[in-house]
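Engineer: dropping the sequence and predicted coords here.
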Amino acid sequence: MRDGILELWLRLLALHLEDPAKDQAHVVRTIRDNWLLASRGYFGGHVPTDLEAAVSTEEGRAAVVTAIESVMRTLKKAPAKLDHQTLNVLGFEGGEFTGDIEREQLLEIAAAFLDLIAGKIQSDATSTAFMPGCRLAT
């Protein structure tokens, strides 16, 4: 998918990770730190999601799925278009959004992440048959 939309998704996802129980603090903190770094705009052409590592433990998987569900609930209450000027205050350094983002783009990415975690998506990064969040992009 396009870097900018993936970076926005990772930023939102990182912000929706719940504060962990003390015994899970390291796992969740590592996931959050990785996603905040990946969402800064430094990785043009290859934004590292580290999703496989994030969901490799039961604690990590539960935290990630809970965060995705939280973002989805919030997005469903959001306006149909997210204002690009507002999104630009979220601390991206690799460029600015110049157009509004369709809420449905992010919901599509959320569904794809859940499908990927559940093992329903078998293609890899070389396949461009379906690029979540890009169908509606203009």
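Structural biologist: Ah, there it is.

Engineer: isn't residue 80 up against residue 102?
Structural biologist: Yes - counting by Cβ atoms under 8 Å, residue 80 touches residue 102, with 6.9 Å between them. The C-beta positions use only the backbone N, C-alpha and C, and glycine is treated the same way.

Engineer: can you pull the poorly scored residue ranges out of the protein?
Structural biologist: Applying pLDDT under 70 to the chain picks out residues 1, 24, 42-45, 123-138.

Engineer: which residues in it form strands?
Structural biologist: 81-82, 101-102 (DSSP state E).

Engineer: how about CSV for those strands, with mean neighbour count and distance to residue 46 added?
Structural biologist: Below are the strands of the chain laid out as CSV (neighbours: other Cβ atoms under 10 Å; distance: least, Cβ to Cβ, whole Å):
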stretch, mean neighbour count, distance to residue 46
strand 81-82, 16, 25
strand 101-102, 20, 21
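
Engineer: can I get those in JSON lines including distance to residue 62?
Structural biologist: JSON lines is the format used below for the strands of the chain (distance: least, Cβ to Cβ, whole Å):
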{"stretch": "strand 81-82", "distance to residue 62": "27"}
{"stretch": "strand 101-102", "distance to residue 62": "28"}
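
Engineer: pull up the gap between residue 20 and residue 9, please.
Structural biologist: 21 Å (Cβ to Cβ, to the nearest Å).

Engineer: for those two, indicate the residue with more neighbours.
Structural biologist: Neighbours of residue 20 and residue 9, each counted by other Cβ atoms under 10 Å, are more numerous for residue 9; the result is 27 against 18.
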